[in-house]
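Q: Let me see the structure of the following:
(one chain, ligands or ions: 2)
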Amino acid sequence: MIIRRQFAKKNREQGVALISVLLVFAIVTIIASEMLSRSYLDIKKTAGVINTKQAYLYALSGEQYARQILFRDYKESSSKTLNSETVRSDTLADSWSVLKKGFDIENGKLLVEISDLQGRFNLNSLRNEDGTTNTIASNQFARLLSSLKIKNKYTPVLADWLDKDQKRQINGAEDEAYRQKNYLTANNLIADRTELRLLKGFKSQDYEILKEHVVALPKTSLPSANSKTKYNINTMNAKLLIAMTNNIKPANLKKIKSIQERGGYNTLSQWLNGEGGEYLSPIKEQLTVESEFFEVITKAQFAGRISTVRTHLHRDAKDGTIEVVKRQLTIE
Ligand SMILES: [Ca+2]
Ligand SMILES: [Ca+2]
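A: Ligands and ions are numbered 1, 2, ... in the order given. Alright, predicted model coming up:
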């Protein structure tokens, strides 16, 4: 009996020991797997950060490439002459315009696109240098909205946003309209087209339609404002031409478009004396054939990460020096 009891006791002890060992083993396994999964997540997170950074650096390299293309274009363009005078022009047939090119990079792709910002409506042209509203530009903007079939009347709201006073224009909006949103009107030139989204009643679907046609350049095209930045007739699209010229005939628009596609003209007088020139003459003070402001969009895809950089560049007309006006990291 005593032997059997001792035997049973020993068996129980062994059982308890086995369960303890199994428990410890289970706990160790859980801890180890938790540690492994955490370190796996950490590695993944770090790789994600590194890959995002790498994608951004590739996008910046695309911007550098665009700068080289634009500088080379300036140099090549400087050698064009007409009656032994240098005639520099920027057109849709230029190397920067036809670039829209993708590159294969290690573990991904890079896409670089350059466009002429002087082929878009400059929102800042609604403000004269003295801070008042430029009515010629307001009318042009209103026509741009209507040519894009945007029904909402944003012109007075934009005019009030830009003008220096607090006096509300008819259907406009000054500070009192924004106070409850915790911001006020700029009452100054705007820095980016995205500011349109802040305007009273501005609908995002309208912004999506309008954004490709507008830009906020530091200088405007009207003499009463600052005449430095003009519209490039070689690159202006049909909607902007309708807005600027008022009542231009579809046949003339088509003709202008086909000349643009063939590489435009090297001088403004060629445009003014050509077909449709009668529509361009009234706005000739606002026109040029040469551009200084360009937009570069680079999209880099690297190891599953995407980086999109939108850069505005200024290329000096005197020596071709290129500077970054602004750089934004994401698409709007
Ligand atoms: Ca104002
Ligand atoms: Ca006002």
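
Q: Compute the number of surrounding residues for residue 57.
A: Other residues near residue 57 come to 13 when the count uses other CB atoms under 10 Å. In this view, the C-beta of every residue, glycine as well, is placed from N, C-alpha and C.

Q: Could you say which helix or strand holds it?
A: helix 2-77 (DSSP states H and E).

Q: Show me what that helix packs onto, helices and strands only.
A: Secondary-structure packing of helix 2-77 (3 or more CB pairs under 8 Å, 6 or more residues apart in numbering; DSSP states H and E): strand 108-116, strand 293-302, strand 305-315, strand 322-328.

Q: Dump those strands to TSV, plus mean neighbour count and distance to residue 191.
A: TSV is the format used below for the helices and strands packed on helix 2-77 (neighbours: other CB atoms under 10 Å; distance: least, CB to CB, whole Å):
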stretch	mean neighbour count	distance to residue 191
strand 108-116	20	19
strand 293-302	22	14
strand 305-315	20	10
strand 322-328	13	7
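
Q: Make CSV from the ones you listed and add distance to residue 89 to it.
A: Shown next, in CSV, are these (distance: least, CB to CB, whole Å):
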stretch, distance to residue 89
strand 108-116, 11
strand 293-302, 14
strand 305-315, 13
strand 322-328, 18
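
Q: how many degrees apart are the helix holding residue 57 and strand 293-302 in direction?
A: 150 degrees (axes from the mean of the first three to the mean of the last three CA atoms, to 10 degrees).

Q: What pairs with the helix or strand that helix 2-77 is followed by, parallel or antiparallel?
A: Remark: after helix 2-77, the chain's next helix or strand is strand 81-82, criterion DSSP H and E. Using DSSP bridges, strand 81-82 pairs in its sheet with strand 85-86 (antiparallel).

Q: after the strand it pairs with comes which helix or strand?
A: strand 101-105.

Q: That following strand: partners in the sheet, and parallel or antiparallel?
A: strand 108-116 (antiparallel).

Q: Get me the contact residues on the stretch 101-250 of the chain for ligand 2.
A: Residues of the stretch 101-250 of the chain lying close to ligand 2 by CB under 5 Å from the ion are 160, 163, 165, 167.

Q: Swap in 8 Å and give it another go.
A: For the stretch 101-250 of the chain, the residues in contact with ligand 2 (CB under 8 Å from the ion) are 133, 159, 160, 163, 164, 165, 166, 167, 168, 169, 172, 174.

Q: now, which of the residues you listed lie close to ligand 1?
A: Counting by CB under 8 Å from the ion, the members of those near ligand 1 are 159, 160, 163, 164, 165, 166, 167, 172, 174.

Q: separation between the fifth one and residue 159?
A: When CB to CB, to the nearest Å is the yardstick, residue 165 and residue 159 sit 11 Å from each other.

Q: Sketch out the low-pLDDT regions of the stretch 101-250 of the chain for me.
A: 219-228 (pLDDT under 70).

Q: Spell out which parts of it neighbour ligand 1.
A: So far as CB under 8 Å from the ion goes, the stretch 101-250 of the chain lies against ligand 1 at 159-167, 172, 174-175, 185-187.

Q: Verify the contact between residue 246 and residue 144 for me.
A: No. Look at residue 246 against residue 144 with CB atoms under 8 Å: they stay out of range, at 11.1 Å.

Q: What values do phi and psi take at residue 318?
A: phi -80, psi -40 (degrees, to the nearest 10).

Q: Can you give me the neighbour number for it?
A: 6.
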